[in-house]
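A structural model of the following input is requested.
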Amino acid sequence: MSRAEKDQFLMGILSNGFFCTETTKRGNKIQREKRSFAKHGKTVCKSTFMLYYDTIRTVLSNMLKHATLHRAVPRVHGSKGRRPYARHTARRCTTVVHFLKYTAETIGIFYPAAPRENDRIPVVF
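Residues are numbered from 1 along each chain as shown. Now for the predicted structure:
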């Protein structure tokens with residue numbers, strides 16, 4: 001199962017896992033919703049749920065937050081579709097490649113340091 005498929009599967013399970021009553025046993029309003037984890041209709045603890053579905057705490061926490069806000073929809077990275085700030089054009093990349101090829105053909109590419117301890121002359125490829 002791929003990561004996206006596993007996320008969708010867990011998202012469907014987690015979106016049904018709310019256990020909430022409107023008031024406490026003393027009649028006060030509930031401050032936050034309580035989450036329950038279930039496997040085959042039986043309630044299990046969080047660590048058992050993570051062990052069974054092979055997920056870690058941070059991933060489960062992020063999925064719970066996403067399921068609470070957006071329900072069972074796929075998670076999308078925030079930078080998707082955004083152009084990188086320091087992008088290079090194809091023309092610039094080809095210019096650099098041509099420069100390196102020309103330099104290698106005419107004078108060679110020097111090794112940054114001598115490979116042997118007593119040899120002070122760098123190797124030319």
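
Name the nearest residue to Y53, ignoring sequence neighbours.
L10 (6.1 Å; CB to CB, 6 or more residues apart in numbering). Where you see a C-beta, it was placed from the backbone N, CA and C, and this is true even at glycine.

Where is the longest helix in the protein?
helix 90-106 (DSSP state H).

Now it: average pLDDT?
Helix 90-106 comes out with an average pLDDT of 89.

ok, C45 to L14 distance?
Counting by CB to CB, to the nearest Å, the separation of C45 from L14 is 15 Å.

And the longest helix of the chain, what's buried?
Within helix 90-106, no residue qualifies as buried by neighbour count (16 or more other CB atoms under 10 Å).

helix/strand/coil for the residue nearest to Y53?
When classified by DSSP: H, G, I helix; E, B strand; the rest coil, L10 comes out as helix.

got the contact list for it?
Going by CB atoms under 8 Å, 6 or more residues apart in numbering, L10 touches 53, 55, 60, 63.

Lowest mean pLDDT among the helices and strands, pick that one out for the protein.
strand 18-19 (a mean of 58; mean pLDDT, DSSP states H and E).

Following element in sequence after that one, please.
The first helix or strand that comes after strand 18-19 along the chain, using DSSP states H and E, is strand 34-35.

helix/strand/coil for the residue nearest the centre of the chain?
When the chain is reduced to its mean C-alpha position, the closest residue under CA atoms, centre = their mean turns out to be H77, at 8.1 Å. Following three-state DSSP, the label given to H77 is coil.
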